[in-house]
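Engineer: Sequence and predicted structure are below.
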Amino acid sequence: MGILVVAKGGEVLLANNFLLAQFGYTDPGELVGKKIEQLIPNRYHSHHTKYRDKYNKHPEPRPMGVGKDLFAIKKDGTEFPVEISLSSYTMDGESYTIAFVSDISKRKEYENAVVQQREQLAETNKKIEELNDELEGKVELRTKQLKETLAELEVSKDELTKALSKEKELSDLKSRFVSMASHEFRTPLSTILSSASLVAKYTETEEQEKRDKHILRIKSSVNNLTGLLNEFLSIGKIEDGKIIANNINFNIRELIAALCTELEGIAKKDQEIAYEHEGNEMVFMDPSLLRNVITNLLSNAIKFSSENGIIKVTSVVTADEVILTVQDNGLGISKEDQEHLFERFFRGANVTNIQGTGLGLHIVGRYIEIMDGKIEFFSELEKGTRFIITFKKENA
């Protein structure tokens, strides 16, 4: 999805790489500092300026141009249909607008296909009526043609139903993404903008400590955004089938113990990660995928548990299975939310004030599926959650 950050006067401040590719640009400098109208066909410029000024008076998250067809223009002058969702934030007394741009050319093709098929149906009905008038005596032939037509229409109906269902699913995902991105991208972007502005004010040599402070804030925010984007990239690779399990022999106790030690660095005050292993230590699995799975579950346990809590991690290797568990005594998951826990962009009702994208457990579930394993969990509000992952034991 293309993302733009625009100043109140219409100047482009930031554009992500996906948006540059959407519009045929290769260098951010071709857009940054230019008016947003550069991306809009000339015939809409005057109207867009009025709408922009009107939005700046009452900014709020909403779709743009409800009930209207919106078009954008690429660098080479090619026009294409778009959907745009708007959000805004204020920093240092200045208002900024974030625009999320989706290319809906495929949807328009589906809609045109529906219209074309309706016309074809009308033409087919017309031909059937002509046959009824001309071939009254040929009932058998007419019945056969009618059945064939109905069969084709039924196939067409099924295809269109699937296409519209898929489009609805994509639309729902887009809405959940816009809602999540509006919240998760706003804080680091605001931090980067404010810190970059303050760094420029510290020009004296003795102010290096102040500069370092804001540089660290910028690096932290960039790392946060990088983590978000990596999750999106992981989803894309999984959906494209680019991630497969590469099994090798390795020591599972050493891998998990190292992970627990590594993640103690982000643990809350007096939180303890307790790890125990039972059975043979050598396994034949994909250590990279397993590392990602355990890292995500442990990070969630740390994030959703209180200080002074104990997070228990166990690994058991039997003759037939490898069983991993991660258990915390944190917030827990309600019965209603448990049904949607592994869906994309889903976040529990009791963790909306805690940073996250709602993609982590979805990725965990897909990784475990790629590794031919299964994941189960048991949870109760305010009493914690226990995840159990089971793999069939394989030999090299």
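Structural biologist: Everything's here; your move.

Engineer: Could you list the domains of the chain?
Structural biologist: Under the assignment automatic domain parsing, the domains of the chain span 1-103, 106-177, 248-392.

Engineer: shouldn't residue 271 be in contact with residue 308?
Structural biologist: Yes: between residue 271 and residue 308 there is a contact under C-beta atoms under 8 Å: 7.0 Å. Quick note: C-beta positions are derived from backbone N, CA and C, even for glycine.

Engineer: neighbour-wise, which of the two wins?
Structural biologist: residue 271 (19 against 11; other C-beta atoms under 10 Å).

Engineer: residues touching the more buried one, list them.
Structural biologist: By C-beta atoms under 8 Å, 6 or more residues apart in numbering, the residues touching residue 271 are 302, 305, 307, 308, 309, 310, 311.

Engineer: Ramachandran coordinates for it?
Structural biologist: Dihedral angles of residue 271 (phi, psi; degrees, to the nearest 10) stand at phi -70, psi 140.

Engineer: just residue 137 next, same as before
Structural biologist: phi -80, psi -10.

Engineer: That one - how many residues pack around it?
Structural biologist: Residue 137: 8 neighbours (other C-beta under 10 Å).

Engineer: Pull up the gap between it and residue 130, please.
Structural biologist: Distance check for residue 137 against residue 130: by C-beta to C-beta, to the nearest Å, it reads 15 Å.

Engineer: same check, this time on residue 114
Structural biologist: From residue 114 over to residue 130 (counting by C-beta to C-beta), the distance is 25 Å.

Engineer: Tell me which of these two has more neighbours.
Structural biologist: residue 114 (14 against 10).

Engineer: Helix or strand: which one has the more buried one?
Structural biologist: Using DSSP states H and E, residue 114 sits within helix 105-134.

Engineer: Quick one: distance of that helix to the chain centre.
Structural biologist: Distance of helix 105-134 from its chain centroid, counting by C-alpha atoms, centre = their mean, to the nearest Å, is 37 Å.

Engineer: Quick one: the helices in the stretch 51-200 of the chain, in order.
Structural biologist: Along the stretch 51-200 of the chain, counting by DSSP state H, counting those that start in this stretch, helices occupy 105-134, 139-184, 186-201.

Engineer: Just name the most buried of the ones you listed.
Structural biologist: helix 186-201 (a mean of 16; mean count of other C-beta atoms under 10 Å).

Engineer: check contacts around the residue lying closest to residue 199 once chain neighbours are set aside.
Structural biologist: Excluding the flanking residues, the one nearest residue 199 by C-beta to C-beta, 6 or more residues apart in numbering is residue 214, at 4.9 Å. Residues in contact with residue 214 (C-beta under 8 Å, 6+ apart) are 195, 196, 198, 199, 202.

Engineer: Return the distance of the third one relative to residue 218.
Structural biologist: Counting by C-beta to C-beta, the gap from residue 198 to residue 218 is 10 Å.

Engineer: and what of the first one?
Structural biologist: Computed as C-beta to C-beta, the residue 195 to residue 218 distance reads 5 Å.
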